[in-house]
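Participant: Quick one, fold the following:
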Amino acid sequence: RTEGEVDDLMGLTKPIQAATDGTDENKIRSAIVDWVFQCYDARVGGFGGNCSGENPHDAHLLYTLSALQVLAISNSLDDERLDKDA
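Facilitator: Residues are numbered from 1 along each chain as shown. Take a look at the predicted model:
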């Protein structure tokens, strides 16, 4: 596959597409960031997985790495919910 085909499949360099109901990109991005922060454990300063279930996973390095990548892509590393001193 060409680089463009892979990008079309994975959306690597394309902006988040607005929903068909007229929701703008900032609202979608904000909803994603809010969901990521549901998994944040301020006690240990990391992110867990399965945060919406009854038995959320403890914070882990891999979950934290993924969460920080999402926050970096969405320009949200300066969010006040992120306790940098934990």
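
Participant: And the spatially most central residue of the chain, how far from Asp79?
Facilitator: The chain has Val70 as the residue nearest its centroid, 3.7 Å off, counting by CA atoms, centre = their mean. The gap separating Val70 from Asp79 is 11 Å, by CB to CB, to the nearest Å. (Each C-beta comes from the backbone N, C-alpha and C, glycine too.)

Participant: Give me the contact list for the helix or strand hosting Gln69.
Facilitator: Taking DSSP states H and E as the definition, Gln69 sits inside helix 61-73. Identification of contacts with helix 61-73 by CB atoms under 8 Å, 6 or more residues apart in numbering yields 32-33, 36, 39-40, 46-49, 57, 77, 79, 82.

Participant: again, 7 Å this time
Facilitator: Around helix 61-73, the neighbours that count as contacts under CB atoms under 7 Å, 6 or more residues apart in numbering are Ile32, Val33, Val36, Cys39, Gly46, Phe47, Gly48, Gly49, His57, Leu77, Asp79.

Participant: Need the per-residue pLDDT for the last one.
Facilitator: Spelled out, that is Asp79. Looking at Asp79, its pLDDT is 89.

Participant: quick one: secondary structure of it?
Facilitator: At Asp79 the chain is in coil, as set by DSSP: H, G, I helix; E, B strand; the rest coil.

Participant: Contacts for stretch 36-52, please.
Facilitator: With CB under 7 Å, 6+ apart, stretch 36-52 has contacts from 56-60, 63-64, 67, 70-71, 81, 83, 86.

Participant: Keep only those of the contacts of helix 61-73 that are in strands.
Facilitator: With strands taken from DSSP state E, the overlap with those comprises Gly46, Phe47.
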